[in-house]
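1. One predicted model, sequence on top.
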Amino acid sequence: MTDTLNPLESAQEKVRIACEKLGTDPAVYELLKEPKRVIEVTIPVKMDDGSVKTFKGWRSVHSDAVGPGKGGVRFHPDVNMDEVKALSLWMTFKGGALGLPYGGGKGGISVDPSELSERELEQLCRGYIRGIHKYLGERIDIPAPDVGTNGQVMSWFMDEYAALNGGNMDMGTFTGKPVAFGGSEGRNEATGFGVAVVTREAAKRFGIDISTAKIAVQGFGNVGSFTVKNIERQGGKVCAIAEWDKKEGNYGLYNESGIDFKELLAYKEANKTILGFPGATKISAEDFWTKEYDILIPAALENAITGEVAKKLNVKLVCEAANGPVTPEGDAVLAERGINLTPDILTNSGGVVVSYYEWVQNQYGYYWSVAEVEEKQEADMMKAVGGVFGVADEFNVSLREAVYMYAIKSIDEAMKLRGWY
Ligand SMILES: NC(=O)C1=CN([C@@H]2O[C@H](COP(=O)(O)OP(=O)(O)OC[C@H]3O[C@@H](n4cnc5c(N)ncnc54)[C@H](O)[C@@H]3O)[C@@H](O)[C@H]2O)C=CC1
Ligand SMILES: O=C(O)CCC(=O)C(=O)O
């Protein structure tokens, strides 16, 4: 069995199946199978050694049927146009599932940010915005962080955007900014917070007791680390974490009685890696995938769980915190083996939910406390979880199929109202 590793093909297939199950007008799939626009830019950067290097970047708006494009920007050496298109398609459906007033967008630059100096990285960020700024705006397309980007990157984006637009400080043009520069309390942790909410609800649905469950997380970046923190906050424990290191490759950490989040974070901050953490035993990547857990949470990149990996998993539930971590073949094997799954566009929607709150707060100029943000986020996500579980029960479909079916209704309605078909 060969895995479908092109994320665009895999994303399109999910939309096609949802349209088929719902019996939508053929125009709906036709309008949603490809992004509305994709911009490609070549960004020149004067490097610290005096040479000039160019980098390829993209920004895709998949749909603006419901509202402006919305979604993160990824800095990673493997970023390519098809990946950016797929990620923007997933954003359309994530926004739809959560009832947000947005379409889907995503951007990326093919670069390893760890190989650039801070000055080079800033120049790259400013060059990217110079290339795409005419297509950005609070009501046009709103970037945010994703893999390899953070609040500092959003701050450079915002500063360059303002400089190019006569000092325009429409702060809602970018979300995921630091709190000191128009960000929202709770945004940095929001995706992991939401993953923990969905994991808890799925555990209830599938009869797993979260307080005694053995949980494993792949990736200890923004999403993975705050997932571990929030699972601990709700009384659960993570006993295995997988990471990747340039020299070491893939590896895992394991501690049967639970890996302490605070200690691990402090170790990472001091050492810039979790490799060598004394509170757990180092295990191989193979051992990470084959050990017995109740819940497995992939929170790194696409295509982590292929058909082959899915065959050797020893778990009851997979909660997709990353975008597209399970290939269609992986999905089929999980289903055959009776392993339940919560889909990415529901599980990791907490980031864009709190990005929405940031955008709202920016326009009001009135800011909420972290407790208010978490309360609203939990309520909004619980509504989506209830809606998706309801569709799954009503149509007797998987949660993956259910989330696309649930999301597509409002997008379809908006496209029809706008006279697109
Ligand atoms: N940052 C956000 O708000 C959101 C992110 N996501 C998705 O979550 C995933 C992770 O994103 P972030 O945490 O923001 O990125 P990040 O760059 O902060 O962290 C990614 C982590 O995964 C690790 N990693 C990479 N390859 C790995 C492998 N093969 N095995 C184990 N670890 C590996 C990296 O070393 C890094 O620590 C991505 O799929 C992203 O699109 C989804 C929703 C929102
Ligand atoms: O916060 C956002 O706007 C989007 C985050 C993101 O890129 C994602 O959910 O995949």
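-> Received the coordinates, thanks. Ligands and ions are numbered 1, 2, ... in the order given.
2. Only C-alpha atoms from now on, for both contacts and neighbour counts.
-> Noted.
3. For the stretch 51-200 of the chain, what lies in contact range of ligand 1?
-> Where the stretch 51-200 of the chain comes near ligand 1, counting by CA under 6 Å from any ligand atom, the residues are 145-148, 191.
4. Narrow those to just the buried residues.
-> Using 16 or more other CA atoms under 10 Å as the burial test, these include 145-148, 191 as buried.
5. Tell me which stretches of the protein form strands.
-> Taking DSSP state E, the strands of the chain run over residues 37-46, 52-63, 69-76, 104-110, 141-145, 214-218, 237-245, 249-254, 281-284, 295-298, 317-319, 340-342.
6. List the contacts of the longest one.
-> Among residues not part of strand 52-63, those counted as contacts by CA atoms under 8 Å, 6 or more residues apart in numbering are 32, 34-47, 69-70, 80-81, 84-85, 88-89, 92, 103-111, 128, 132, 141.
7. hmm, 6 Å instead?
-> Contact with strand 52-63 is made by 35-46, 69, 85, 88-89, 103-110, as judged by CA atoms under 6 Å, 6 or more residues apart in numbering.
8. do the same with the third one
-> Strand 69-76 is contacted by residues 61, 102-112, 141-148 when judged by CA under 6 Å, 6+ apart.
9. same question, the last one
-> Strand 340-342 is touched from outside by 317-319, with contacts defined as CA under 6 Å, 6+ apart.
10. Partner strands of that strand, with direction?
-> Using DSSP bridges, the strands paired with strand 340-342 are strand 317-319 (parallel).
11. One more: the third one?
-> Strand 69-76 has these partner strands in its sheet, going by DSSP bridges: strand 104-110 (parallel), strand 141-145 (parallel).
12. Quickly compare these and say which is most buried.
-> The highest mean neighbour count among the strands paired with strand 69-76, using mean count of other CA atoms under 10 Å, belongs to strand 104-110: a mean of 29.
13. Now do it: everything it contacts.
-> 56-63, 69-77, 79, 84, 87-88, 91-92.
14. CA atoms only: put it into PDB for me.
-> The C-alpha trace of strand 104-110 is given here as PDB (Å, rounded to 0.1, in the frame of the first residue of the first chain):
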ATOM      1  CA  GLY A 104      -9.200  29.800   4.900                       C
ATOM      2  CA  GLY A 105      -5.600  31.100   4.300                       C
ATOM      3  CA  LYS A 106      -2.100  29.800   4.900                       C
ATOM      4  CA  GLY A 107       1.400  30.900   4.100                       C
ATOM      5  CA  GLY A 108       4.900  29.600   4.100                       C
ATOM      6  CA  ILE A 109       8.500  30.100   3.300                       C
ATOM      7  CA  SER A 110      10.900  27.300   2.400                       C
END
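15. average pLDDT for it?
-> For strand 104-110, the mean per-residue pLDDT is 98.
16. Around the residue of the stretch 201-350 of the chain found nearest ligand 2, count how many other residues there are.
-> Ranked by CA to the nearest ligand atom, the top residue of the stretch 201-350 of the chain for proximity to ligand 2 is residue 349, at 5.6 Å. When neighbours are counted by other CA atoms under 10 Å, residue 349 registers 28.
17. Next, work out how far apart residue 342 and residue 156 are.
-> 35 Å (CA to CA, to the nearest Å).
18. So which of those two has more stuff around it?
-> Using other CA under 10 Å as the criterion, residue 342 and residue 156 rank with residue 342 on top: 24 against 19.
19. quick one: that one from ligand 1, how far?
-> 14 Å (CA to the nearest ligand atom, to the nearest Å).
20. For that residue, give the beta-bridge partners.
-> Beta-bridge partners recorded for residue 342 (DSSP bridges): residue 319.
21. dump the residue contacts of the nearest residue to residue 363 once chain neighbours are set aside.
-> Distances taken as CA to CA, 6 or more residues apart in numbering place residue 172 nearest to residue 363, at 6.7 Å, with adjacent residues excluded. Applying CA under 6 Å, 6+ apart to residue 172 gives the contacts 138, 359, 362.
22. and residue 172, what pLDDT?
-> Note on residue 172: pLDDT of 98.
23. And for residue 77, the neighbour number?
-> The number of residues packed around residue 77, counting by other CA under 10 Å, is 13.
24. Now the worst-scoring helix or strand of the chain on mean pLDDT - C-alpha only, CSV.
-> In the chain, no helix or strand scores lower on mean pLDDT, DSSP states H and E than helix 7-22, which sits at a mean of 91. The C-alpha trace of helix 7-22 is given here as CSV (Å, rounded to 0.1, in the frame of the first residue of the first chain):
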residue,chain,number,x,y,z
PRO,A,7,-1.4,16.8,1.5
LEU,A,8,-3.4,18.7,-1.2
GLU,A,9,-4.7,15.4,-2.7
SER,A,10,-5.5,14.1,0.7
ALA,A,11,-7.4,17.3,1.7
GLN,A,12,-9.3,17.4,-1.5
GLU,A,13,-10.4,13.8,-1.0
LYS,A,14,-11.9,14.6,2.4
VAL,A,15,-13.9,17.5,0.9
ARG,A,16,-15.1,15.3,-1.9
ILE,A,17,-16.3,12.6,0.5
ALA,A,18,-18.2,15.1,2.7
CYS,A,19,-19.9,16.6,-0.4
GLU,A,20,-20.9,13.2,-1.6
LYS,A,21,-22.3,12.1,1.8
LEU,A,22,-24.3,15.3,2.1
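25. Now that helix: buried residues?
-> Buried residues in helix 7-22, counted by 16+ other CA under 10 Å: 7-8, 10-12, 14-16, 18-19.
26. Right, I'll call it a day here.
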